[in-house]
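In: Sequence plus the predicted model coming up.
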Number of protein chains: 2
Amino acid sequence: MLKKPATTEIPIHELIAHRWSPRAFDPERMVPREQLLALLEAARWAPSCRGEEPWRFLIFDKQTQPQAWEKALNCLEDSNQKWAQRAPVLILATIVNIFEHNDSPNRWAAYDCGAACENLCLQAVHLGLITHQMGGFKLAKTHELLGLPVEVTCMSMIALGYQADPQILEGDYLTRELAQRNRKPLGEQFFEAEWERPFKI
Amino acid sequence: MLKKPATTEIPIHELIAHRWSPRAFDPERMVPREQLLALLEAARWAPSCRGEEPWRFLIFDKQTQPQAWEKALNCLEDSNQKWAQRAPVLILATIVNIFEHNDSPNRWAAYDCGAACENLCLQAVHLGLITHQMGGFKLAKTHELLGLPVEVTCMSMIALGYQADPQILEGDYLTRELAQRNRKPLGEQFFEAEWERPFKI
């Protein structure tokens, strides 16, 4: 299994350090239903503004619903279909961004959904699974093909499965799979006491 | 330490199960700088659309910058100030929702920021710290008092510190601190193959 742990100034929890977004999925190895449930429970227990739980997840398991899975795959941009076609599970993460208690806009719906998806991805690391979140899918087609209500906003499609040998990938995809992970310097985004003053120990 | 693990149909990773949002902070116990750095590193290594890292965090540590911390506290709604005044660290999570590579809107900025904040909160659980994310703060006042650029959108203020005896809280805050955590039934938000068809094993 190809590991690409985060490079940090100080150790962080292994679950967080070892999450990354591979593209080499093993098409032969399905995800056990119990593990899928554990991932959804992890997402379900994310925090949300006013406990609204504004996320709605739609799960496409090739093993049990191959036709629906195929539809979900077709919603992706072609460049993503190339590798995501090997992922045995696709999960569409959506939000309803109107508060239930007063029908006013919930400006934290996407933020909360991001937290729920991160929980899902970290639980996947824990279970030896890999995930890759995609923003690259066709919005109108997704609504139409999957029969989503108008009030729903699609945020991401998540490919889920087991890791395969990176050599299953070709060209640029292989290069990116093997490349080192990186982040901007910490001080460019983490400020102390005042804007753009880099955080330092 | 008061623990309120998530009630799940199947076990989930303890880090995720044990994260919750207490209000009883110990005002006497500061957060070591190394631990603060570990939290920021955890946030920094969250995934983001196109690797944009659209989050910007502003850290207010009462120990090192008491005046700035006081300013941040004053940005909160009064109801939050009542208990958050005991938190030794306040962290403002913001986003820039324009893509750097082409100046177009980044509709995943809030989603990515939510993931980064979840990483931060989970790393806090790992280090024996507690966090409480708040949406309740005054937007215009926050921009003005903290001198934020116009292109920045504030998402949440996170109270960080060590847990105190819940009895430090009064009235409704105490009741909520001791109450059981809950979530909507899984099938109401996690669907399989088609919209509103509850996920089942």
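Out: Cool, the structure landed.
In: what lines up beside the longest strand seen in chain A in the sheet?
Out: In chain A, with assignment by DSSP state E, the single longest strand is strand A:152-161. Here strand A:152-161 has these sheet partners by DSSP bridges: strand A:89-96 (antiparallel), strand A:130-134 (antiparallel).
In: May I see the buried residues of the helix or strand that comes right after the shortest one?
Out: The helix or strand immediately downstream of strand A:130-134 is helix A:139-146, counting by DSSP states H and E. By neighbour count with 16 or more other CB atoms under 10 Å in any protein chain shown, helix A:139-146 contains the buried residues A:142, A:143, A:146. (Each C-beta comes from the backbone N, C-alpha and C, glycine too.)
In: what helix or strand is residue A:124 on?
Out: Using DSSP H and E, residue A:124 sits within helix A:109-126.
In: Against which helices or strands is that helix packed?
Out: Helix A:109-126 makes packing contacts with helix A:14-17, helix A:33-44, strand A:55-61, strand A:89-96, strand A:130-134, strand A:152-161, helix B:14-17, helix B:109-126 when contacts are defined by 3 or more CB pairs under 8 Å, 6 or more residues apart in numbering or on different chains; DSSP states H and E.
In: Give the other helices and strands that the helix or strand following the third one contacts.
Out: Elements were assigned by DSSP H and E; along the chain past strand A:55-61, the next helix or strand is helix A:66-75. With contacts defined as 3+ CB pairs under 8 Å, 6+ apart, the secondary structure elements packing on helix A:66-75 are strand A:55-61, helix A:78-84, strand A:89-96, helix A:139-146.
In: tell me the contacts of the most centrally placed residue in chain A?
Out: Nearest residue to the geometric centre of chain A (CA atoms, centre = their mean): residue A:133, 3.3 Å. Contacts for residue A:133 (CB atoms under 8 Å, 6 or more residues apart in numbering or on different chains) come out as A:21, A:93, A:117, A:121, A:156, A:157, A:158, B:47.
In: Residue A:167 now?
Out: Taking CB under 8 Å, 6+ apart, we find residue A:167 in contact with residue A:174.
In: Which residue would be the closest one in chain A to chain B?
Out: Residue of chain A nearest chain B, by CB to the nearest CB: residue A:114 (3.1 Å).
In: How many residues are close by that residue?
Out: For residue A:114, the neighbour count with other CB atoms under 10 Å in any protein chain shown is 33.
In: so it makes contact with residue B:107?
Out: No: counting by CB atoms under 8 Å, residue A:114 does not reach residue B:107; the two are 11.7 Å apart.
In: I'd say residue A:50 and residue A:101 touch.
Out: Yes: in this structure residue A:50 lies within contact range of residue A:101 using CB under 8 Å: 7.0 Å.
In: quick one: which of the two has more around it?
Out: Set side by side, residue A:50 and residue A:101 show more neighbours around residue A:50, with 15 against 9, by other CB under 10 Å.
In: ok, back up a step: can I get the contacts of residue A:133 in CSV with neighbour count and pLDDT?
Out: Listed next are those as CSV, based on neighbours: other CB atoms under 10 Å in any protein chain shown; pLDDT from 0 to 100:
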residue, neighbour count, pLDDT
A:21, 18, 98
A:93, 22, 98
A:117, 28, 99
A:121, 28, 98
A:156, 23, 98
A:157, 26, 98
A:158, 25, 98
B:47, 22, 98
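In: ok so, going back, now cross-check the buried residues of helix A:139-146 against chain B and list the overlap.
Out: Among these, the ones lying near chain B by CB under 8 Å from any CB of the partner chain are residue A:146.
In: What is the nearest of the buried residues of helix A:139-146 to residue A:173?
Out: Relative to residue A:173, the closest of the buried residues of helix A:139-146 is residue A:142; by CB to CB it sits at 22.8 Å.
In: The nearest residue to residue A:89 once chain neighbours are set aside bridge partners, please.
Out: Distances taken as CB to CB, 6 or more residues apart in numbering or on different chains put residue A:160 closest to residue A:89, at 4.1 Å, once the chain neighbours are dropped. Beta bridges link residue A:160 to residue A:89, residue A:131, judged by DSSP bridges.
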